[in-house]
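K.L.:
I would like the atomic coordinates for the input below:
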Amino acid sequence: MGGYNSGRRGDRSHDDEIVRLHGQGLTNTEIAGRLGMHRLAVGRALRRLGYPGARRGGEGRLRKRARERRILRLFREGHDVRDVAARVGMSGAGVRYVLDRLRTPDGGRAARDREIARLRTGGATLDEIGGQFGLTRQGVSLILIRLGIPAPAVVRRRPRKTNTRHDRRVRRLRQRGLTPREISRRVGLSYPTVTRILDRLGYPRPAAIREARNQQMVRLRGQALTLAEIARRHDLHVSQVCTILRGKGCPRPALVKRKKDGFASMDPARRRRAGHLGGKAAHAGGNGYRFTPDDHRAAVEARRRKRQAK
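P.N.:
Numbering: from 1, shown residues only. Model (predicted):
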């Protein structure tokens, strides 16, 4: 296992070495790394031997403060959050946390929010404020809303230019009775674009078109047309027509039983007679199979096994 000692309770083989390294000023983590132990095991050994609590590492705190001062200095020199994070080897979120804690004397967010409000009332844009404080445009906007400062007006997009050539083609195809979906396939435009053009030209929405088609199907059904004829007129499947009519309250058409033909149309006596004559003709031609006693026994055994399996 690589000689790693997890520091079992009662294991005191490293006590002298732990005390010696602790006296040299090493932290518990550094002692654990040298001896191949766990940091908590080192702390337990020191507490058992009467030494003060875990050494947190004063040098580590000094390095952390120096790094924080460097972050603040780089930010005041004009570097953005991403550049500062790359220079000090931290993530962007870590740099924002340090800046949020150190940028104002009181270390809170209230002073930052007051500064954001002052810059906004002074005419600064959201992007400028966000770049200064390491925030996104949306984050600055939320802070301003929380402080009661009105959000910037939304810039409306310019109206789209109309293509008269597409309008003429869509109008011509719609007058021929094509649906918006068929028009979109013919013209090469998307379905929402075609519906937008039809709205601008004053044509009804697809829902109204479908409702008018369904009412026409109900009228045709009242004129005693079959489902197949209605389906052919509206380019639909018979099952679709049946579903639409059932939704409109039309009675379901009665099922017509197919007339039997061929062998199925014969009465039982005639079928037996035809089978008898066919068997005799097959045996006379040498193509018939003669059922032997062995076949009979095999069939009986197979039937018995099938009943036992049930």
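K.L.:
tell me the domain ranges of this protein?
P.N.:
Residue ranges for the domains of the chain, per automatic domain parsing: 15-56, 60-146, 163-203, 204-253.
K.L.:
okay, these in CSV with mean pLDDT and mean neighbour count next?
P.N.:
Where you see a C-beta, it was placed from the backbone N, CA and C, and this is true even at glycine. Formatted as CSV, those follow (pLDDT from 0 to 100; neighbours: other Cβ atoms under 10 Å):
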stretch, mean pLDDT, mean neighbour count
domain 15-56, 79, 16
domain 60-146, 78, 15
domain 163-203, 85, 15
domain 204-253, 83, 13
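K.L.:
of those domains, which is nearest Ala284?
P.N.:
Ranking those by proximity to Ala284 (Cβ to Cβ) places domain 204-253 first, at 48.6 Å.
K.L.:
kindly indicate whether Asn287 is helix, strand or coil.
P.N.:
coil (DSSP: H, G, I helix; E, B strand; the rest coil).
K.L.:
which pLDDT does the model give it?
P.N.:
pLDDT recorded at Asn287 is 80.
K.L.:
go on, the one 10 residues further on?
P.N.:
The predicted structure scores Arg297 at 90 on the pLDDT scale.
K.L.:
can I get the helix or strand where it lies in CSV, CA atoms only?
P.N.:
Using DSSP states H and E, Arg297 falls within helix 293-309. Output of helix 293-309 as CSV, limited to C-alpha atoms (Å, rounded to 0.1, in the frame of the first residue of the first chain):
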residue,chain,number,x,y,z
PRO,A,293,-48.9,-46.6,-36.7
ASP,A,294,-45.5,-45.1,-35.7
ASP,A,295,-46.8,-41.7,-36.7
HIS,A,296,-49.9,-42.3,-34.7
ARG,A,297,-47.9,-43.2,-31.6
ALA,A,298,-45.6,-40.2,-32.0
ALA,A,299,-48.6,-37.9,-32.3
VAL,A,300,-50.3,-39.3,-29.2
GLU,A,301,-47.0,-38.9,-27.2
ALA,A,302,-46.6,-35.4,-28.4
ARG,A,303,-50.1,-34.5,-27.3
ARG,A,304,-49.6,-36.1,-23.9
ARG,A,305,-46.4,-34.1,-23.3
LYS,A,306,-48.2,-30.9,-24.3
ARG,A,307,-51.0,-31.5,-21.8
GLN,A,308,-48.5,-32.3,-19.0
ALA,A,309,-46.6,-29.1,-19.8
